Every structure is written in C-alpha cells, then in structure tokens.
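Chemist: Following is a predicted model, sequence given first.
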Amino acid sequence: MSFQIPVGEACEEEFKVLDVHTAKHVGSGDVSVLSTPSMIGFMEGVALRCLQKHLSEEYTSVGVLVNVKHLNPAPLNSVVKVKASIISVEGRKVVFSVQATYKDIVIGEGVHERFIVNRKRFADKVRELASA
C-alpha cells in the first residue's frame with residue numbers, strides 16, 4: 001500500500017457562520033460567535049477533503065489528533081476561511097497545519113493528524129466493537 005500524498009499542498013474553503021455553528025449551541029449561553037467545536041469541525045473537514053482526493057475509493061482517513069487554539073471570535077453570519085496544509089506524511093499518518101481566519105484576523109490555528117484506513121476493514125472493526 002503506497003500513497004502519493006504531496007507534502008506542501010494547501011487546501012482552502014470558506015464557511016458562513018450559521019446559527020447552528022455558534023457557541024450558544026454548545027452550552028455557552030446566548031453567545032452568537034463561532035464555537036470552538038464548529039471551528040474544529042471545519043478544519044477537520046477541509047483536511048479530510050484535501051487528503052481524500054489523493055486516495056482511491058477503497059481508502060478514507062480518520063482524525064486521530066486535534067491540537068488547536070481558538071484565538072479570536074467570528075460573529076454570526078461572518079465568512080470564515082479555513083486552510084489545511086499537508087506538512088508531513090509518515091506511512092499512513094498525514095499531519096496538517098490548520099488555520100481559520102475572519103477578514104485578516106487569525107481566529108484559530110494548530111495541528112491536525114489523520115490516519116489513512118481501508119474503508120471495509122475500518123467498518124468491520126466498528127461493527128465488531130459495537131457488538132462486543
């Protein structure tokens with residue numbers, strides 16, 4: 001099993017901060033700013049899609065580490081840019097630098113690791129664990 005994952009590749013997507021992405025949906029009162037879990041979800045999604053285009057249909061990837069700082073707020077209805085850059089590949093482990101910005105302000109940054117897995121074997125393992 002050999003993968004051609006280009007170190008240095010960067011992928012970027014934009015997200016609109018909707019009400020479901022705000023802190024009030026994760027128990028932070030009535031605060032209408034981007035929640036940390038939503039920001040991390042955006043980062044993971046961009047990294048997943050960035051990696052998936054280099055994998056055959058029989059493979060996917062799963063997140064195994066997130067180490068992110070949430071530095072600044074992004075208000076409801078704002079547009080957030082999320083960038084995931086591949087910084088290293090070690091076998092099936094792919095490490096990303098991730099960053100989220102609102103206007104020119106860095107709102108979050110850190111490292112995210114994904115592990116390449118065989119879809120069928122992973123699904124079989126999940127079913128086995130669920131029935132144990």
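Modeler: Ah, there it is. Note that the structure is predicted; figures quoted are calculated from it, not measured. Numbering: from 1, shown residues only.
Chemist: show me what contacts the closest residue to V94 other than its chain neighbours?
Modeler: Nearest residue to V94, sequence neighbours excluded (CB to CB, 6 or more residues apart in numbering): R114, at 5.0 Å. All C-beta spots, glycine's among them, are computed from the backbone N, C-alpha and C. Contacts of R114 were listed using CB atoms under 8 Å, 6 or more residues apart in numbering, and they are A47, L48, L51, S61, V62, G63, V64, K93, V94, F96.
Chemist: Then R114 would be within a helix, right?
Modeler: No. R114: not assigned to a helix; according to DSSP: H, G, I helix; E, B strand; the rest coil it is strand.
Chemist: Let's see the pLDDT reported for it.
Modeler: Each residue has a pLDDT score; the one for R114 is 98.
Chemist: Go through the lengthiest helix in the chain and flag the buried ones.
Modeler: With secondary structure taken from DSSP state H, the chain has its longest helix at helix 36-52. Of the residues in helix 36-52, S38, M39, I40, F42, M43, E44, V46, A47, L48, C50, L51 count as buried by neighbour count, 16 or more other CB atoms under 10 Å.
Chemist: coming back round to it: any chance of the contacts of R114 in a markdown table, plus pLDDT and distance to V20?
Modeler: Listed next are the contacts of R114 as a markdown table, based on pLDDT from 0 to 100; distance: CB to CB, whole Å:
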| residue | pLDDT | distance to V20 |
| --- | --- | --- |
| A47 | 98 | 21 |
| L48 | 98 | 19 |
| L51 | 98 | 25 |
| S61 | 97 | 25 |
| V62 | 98 | 24 |
| G63 | 98 | 20 |
| V64 | 98 | 26 |
| K93 | 97 | 31 |
| V94 | 98 | 29 |
| F96 | 98 | 24 |
